[in-house]
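I'd like to go over a predicted model; first the sequence, then the structure.
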Amino acid sequence: MKGLYYYLYLVEDIYSRKGVVWEVHESESGEHAAVLIQRAMLREQCFCSPPVLHSDNGAPMKSQTLQAKLYDLGIQASHSRPRVSNDNPYSESLFRTVKYCPRWPSEGFASLNEARQWVERFMHWYNHEHLHSGIKYVTPADRHDGKDVALLSGREKVYKLARERNPSRWSGETRNWTPVGAVALNPQKEKPETKVVA
């Protein structure tokens, strides 16, 4: 139906790029966001080292309901800067992948249930099949589960062996398969480490 919107609530782990929990609703609400965040914490079992939730400045994300839930869970809230479109490039990238997916229904969704089923299929593909370029072409689920190190080590061995067997096919070094290290939202803004020289 024209003019009817559905809202995707999604929590992404920026280290692995994995969508850890998601829901689709007919309305924007701090209550929906609070329930989703609690589900994420329960699923990920990160109560010993509560994460930072970086979100946009939408009403649900700044609602008192969500802020109270974050406080109860010990989660630090962080919000995008107003009028800064790339303040959370990981989230922007994931939502762009959703919107430009070739399987996106050009006529929209016939029902809330249809939208939820589509998102479920998409997120399974994204987390478990999609080889993400930002994390050296492993799936977000593999990185989230710590399997990326072994996968990338195997790829590095294959490339080195191929180069040894046929060096004329290589004009330079092999592809760098070193796992991606720590991730930051805006690394250019972080203070460089200072070294003390004695």
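Yep, that arrived.

remind me which residues of this structure are low pLDDT?
Along the chain, segments meeting pLDDT under 70 span 1-2, 83-86, 186-198.

now residue 11, nearest residue through space, not along the chain?
Excluding the flanking residues, the one nearest residue 11 by Cβ to Cβ, 6 or more residues apart in numbering is residue 40, at 4.4 Å. C-betas here are computed from N, CA, C, even on glycine.

which ones are touching the one you found?
Residues near residue 40 by Cβ atoms under 8 Å, 6 or more residues apart in numbering: 11, 20-21.

with residue 153 instead?
With contacts defined as Cβ under 8 Å, 6+ apart, residue 153 is in contact with residue 177.

I'd assumed it was in a strand, is it?
No. Counting by DSSP: H, G, I helix; E, B strand; the rest coil, residue 153 is not found in a strand; it is helix.

quote the end-to-end distance of stretch 62-81.
The first and final residues of stretch 62-81 sit 13 Å from each other (Cα to Cα, to the nearest Å).

still on that earlier bit, tell me which element the residue nearest to residue 11 falls in.
Using DSSP states H and E, residue 40 sits within helix 30-44.

report the buried residues of that helix.
30, 32-38, 40-41 (16 or more other Cβ atoms under 10 Å).

next one: stretch 125-133
Result for stretch 125-133 [16+ other Cβ under 10 Å]: buried residues 126-127, 130, 132.

can you map out the helices along this structure?
Applying DSSP state H to the chain gives helices spanning 30-44, 59-62, 64-73, 89-99, 112-128, 140-144, 148-165.

out of the buried residues of helix 30-44, which comes closest to residue 5?
Using Cβ to Cβ, residue 32 comes nearest to residue 5 of those, at 13.8 Å.
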